[in-house]
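J.: sequence and predicted structure, then a few things I'm wondering about:
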Amino acid sequence: MNTKKLSLLTEIGRNAILALWAIFALFPLFWMVLITFKHDAEMYTTTFIFTPTLENYKAVLINTNYFKAFFDNIIVSGGAVLVSVLVGVPAAYALARYNFKKKEDLAFQILSFKFAPEILVILPLFMIYQKIRLFDTHIGLIWVYQLITMPLLIWVVRGYFEDINVEIEHAAQLDGYSWYHVFLKILLPLIKPGLVAAALLSFIFAWNSFTFPLLLSAFKVETVTVSVLKYLASDTVHYGQMAVAASVSALPEVILALIIQKHLVRGLSFGAVKG
Amino acid sequence: MARIELCNITKKFKKVTALDNINIDVKDKEFFVLFGPAGAGKTTILKTIAGIEFPDEGHVKIDGKIVNLVEPAKRNVSMVFENYALYPHISVFDNIASPMRSPLYKKDEETVKKEVYRVASMMKIDHLMERLPSQLSNGQRQRVALGRCLVREPNVFLMDEPIAHLDAKMRHFMRSELKEMQSSFNTTTIYVTHDYMEAMSLGDRIAIINEGKIEQIGSSDEVYYTPANEFVAKLLGEPEINIFPAELEMDGRGLKVRMLGQENLIDICDDVAKVLNKKGSGKLDVGIRGNDVKFSFEKIDDNYLKGTVYIVEPIGNKTVLTVSINKQLIRIIAPNDFRAEMDSSIYIKFNMDNAMFFNGEDKTFIIRHNQDHYLRR
């Protein structure tokens, strides 16, 4: 009886703490969505009662070229992740499987790209980009985004490759599969959870990147994060419009995460070899 | 079906020599066993044949053709890995079917299904076909791995301890099943084991490997009755063979040996004496297996040596009795109803007809009684 009561109490306590945390974490998002429906005049009131309006949506989505920025962002972030996957997966395989001189140094070097604050490298990059005409181009941004997306992807996927026993590859080769078949049929399904998770995270980092697109692009290529700045007018700050821009720009990440969720299964690789 | 030859294979892992000048010639359709302690290089030999490891020196030949530069996939060999190496993301059925669906050895789906179920029922895993490897016990996984190997008709089967992790009953069953299969399959098999019973019951020939070198290659009778050296003698047989130093002495009636610091000399057979005489002086070791020692609680004649009971281990169908004579421990096989007090006196007599004589310095085999008879069998 006593233990039952105790376990009930801990259950309630645990859920209460989780609920508290959820409110704490989700409230800013909720507030952001809320103010998208407010007039600028009501912006600083903290009551929940107001006359909702779609004015902000109209101002942002129809009257400005928000969607161009939105699609530019999709192109540069998606492109950056695609390049990272195409280059990073083979790199991760090599770092996991082969022994060569300075292997760990190289792996650390790749990771260290993420150490420096973006603002530190932006000035020389700005000059170089001007010179080689990568400034304000999609390719230029995709390239510089590799600093954000590639190290993460390589390190996560490398760990997954290291978890796969090399004898599974040998067995597949002896079964009569060429190396590409082994890679596509055996290795790729096994690293899929890691690859998907790392790619999603990379996409989020690239999507939310601000410093690089702010300074390395201007009018031809403009990302959502930069375009939000436009609603800081000289006379007033249009918080409602900023909130719309931010809320809409969060949608792709949310949708992607929901689609990918079922692929984020860990534990497939257990039981392959004696353990 | 193929003949497999390894010529002067040397393989080094950094500074460690894994294989040292290995020469093996496995005949077509032969069941060849590689036997040795852990870390001897048995698995490395298999992987060299499979093409997974590359020898630093020497040639691997399949049917007379040098295949050093042929990819593993194109060598048409089938291997069971010691740690199974199953594909974790596909079912047992797909695992076993995998070799028959590869671009190189493709069969139509009907044949695949038929063959997979034939092998699976042989391995007694046909009720597990839909499961993933992670949902199997180790013994079941091992049988899936064995099934994936046997489903093909390759040049050679390479088996790396394929039944080591099965329970004892299943292991005995699979051992006889493998032996039966060998006669019907007509395929060369190279089999790695560290279980001497598996080695002796399955192998047409056995190669004993130690520290990357071959100690001896021979039939199970040859390696058991005329081991090349003391290492081989100790590896085969349970309990381990008794090997101890002895001295040759001449008395009026011929050559005799003095063992275990005893007063009286023990007779040796004439054919053995002749060879030992030729060898002359030098250290000598005598090896006698546990079933060639008689024991009694009374001294029956002069050939019985006095010792004390050291350990009595009943192991089911027999008892291993360890007797201490002059600080030397002698392991003897006794009937399973044998009982004795610790430290009580006991008399033992060696059956010198079955004794083996080794060079005491380099530990190599010299002679045993009726040697030609064993080699002829």
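T.: Cool, got the structure. Everything quoted here is computed from the prediction, not taken from an experiment.

J.: helices of chain B, residue ranges please.
T.: Under the criterion DSSP state H, helices of chain B are mapped to B:42-50, B:92-101, B:109-122, B:138-150, B:168-185, B:196-202, B:220-225, B:230-235, B:270-279, B:371-376.

J.: swap in chain A?
T.: Using DSSP H, the helices found in chain A span residues A:2-35, A:55-57, A:66-97, A:103-112, A:118-131, A:138-163, A:166-174, A:179-181, A:188-208, A:211-216, A:224-227, A:239-260.

J.: ok, which of the ones you listed comes nearest residue B:133?
T.: helix A:166-174 (10.3 Å; C-beta to C-beta). Placement of C-beta: from N, CA and C, glycine included.

J.: can you pull the contacts of residue B:260?
T.: B:244, B:305, B:325-326, B:328 (C-beta atoms under 8 Å, 6 or more residues apart in numbering or on different chains).

J.: whichever of those end up buried, select them in PyMOL.
T.: Buried residues among the contacts of residue B:260 (16 or more other C-beta atoms under 10 Å in any protein chain shown), as a PyMOL selection:
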select buried, chain B and resi 305+325
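
J.: closest to residue A:44 out of the contacts of residue B:260?
T.: Minimum distance to residue A:44 across the contacts of residue B:260 is 98.8 Å, recorded for residue B:328 (C-beta to C-beta).

J.: any regions of the chain where pLDDT drops low?
T.: Because you didn't say which chain, this covers chain A. Chain A contains residues with pLDDT under 70 at A:1, A:264-275.

J.: wait, chain B was what I had in mind.
T.: Short version for chain B, where the test is pLDDT under 70: B:1, B:280-281, B:376-377.

J.: chain A contacts on that one?
T.: B:47, B:50, B:52, B:71-73, B:75, B:77-79, B:81-89, B:98-99, B:102-105, B:132-136, B:138, B:141, B:148, B:165 (C-beta under 8 Å from any C-beta of the partner chain).

J.: out of the helices of chain A, nearest to residue B:17?
T.: Using C-beta to C-beta, the nearest of the helices of chain A to residue B:17 is helix A:166-174, at 21.9 Å.

J.: mind listing what's buried in that closest one?
T.: Buried-residue list, helix A:166-174, by 16+ other C-beta under 10 Å: A:167-174.

J.: now, which of those lie close to chain B?
T.: Near chain B, by the rule C-beta under 8 Å from any C-beta, you find A:167-168, A:170-174 out of these.

J.: so which of the residues you listed comes closest to residue A:207?
T.: residue A:168 (35.1 Å).

J.: how about the nearest residue to that closest one, chain neighbours excluded?
T.: When the adjacent residues along the chain are set aside, residue A:168 lies closest to residue B:85, with 4.9 Å between them (C-beta to C-beta, 6 or more residues apart in numbering or on different chains).

J.: what's the burial count for the one you found?
T.: 27 (other C-beta atoms under 10 Å in any protein chain shown).

J.: look up how far residue B:90 lies from the closest residue to chain A within the stretch 101-250 of chain B.
T.: The nearest approach of the stretch 101-250 of chain B to chain A comes at residue B:134, 2.6 Å away (C-beta to the nearest C-beta). For residue B:134, the distance to residue B:90 equals 11 Å [C-beta to C-beta, to the nearest Å].

J.: that older thread, go ahead and confirm the residue nearest to residue A:168 touches residue A:174.
T.: No. Using C-beta atoms under 8 Å, residue B:85 is not in contact with residue A:174, being 9.4 Å away.

J.: give me the neighbour count for whichever residue of the stretch 251-377 of chain B sits closest to chain A.
T.: Per C-beta to the nearest C-beta, the residue of the stretch 251-377 of chain B with the smallest distance to chain A is residue B:315, at 27.4 Å. Using other C-beta under 10 Å, residue B:315 has 11 neighbouring residues.

J.: tell me, how many residues neighbour the closest residue to residue A:54 other than its chain neighbours?
T.: Counting by C-beta to C-beta, 6+ apart, residue A:54 lies nearest to residue A:37, which is 7.4 Å off, once chain neighbours are set aside. A count of nearby residues for residue A:37, using other C-beta under 10 Å, gives 18.

J.: go on, residue B:109?
T.: For residue B:109, the neighbour count with other C-beta under 10 Å is 10.

J.: how far does stretch B:329-336 sit from its chain's centre?
T.: 22 Å (C-alpha atoms, centre = their mean, to the nearest Å).

J.: so which bits of it are buried?
T.: B:330-334.

J.: which residues touch that stretch?
T.: B:239-240, B:242, B:244, B:290-291, B:293, B:295, B:307, B:310, B:312, B:314, B:316-324, B:348.

J.: of all the helices of chain A, which lies closest to residue B:206?
T.: Here helix A:166-174 is closest among the helices of chain A (C-beta to C-beta), at 24.4 Å.

J.: quick check on residue A:233: phi, psi?
T.: Per-residue torsions, residue A:233: phi -80, psi 170 (degrees, to the nearest 10).

J.: now do it against chain B, distance only.
T.: 55 Å (C-beta to the nearest C-beta, to the nearest Å).

J.: thought residue A:211 was touching residue A:120?
T.: No. Contact criterion C-beta under 8 Å: residue A:211 and residue A:120 do not qualify, at 9.9 Å.

J.: and those two? Which one has more around it.
T.: More crowded of residue A:211 and residue A:120, by other C-beta under 10 Å: residue A:211, with 16 against 11.

J.: setting aside sequence neighbours, what's the nearest residue to that one?
T.: Nearest to residue A:211 is residue A:118, by C-beta to C-beta, 6+ apart, at 4.1 Å.
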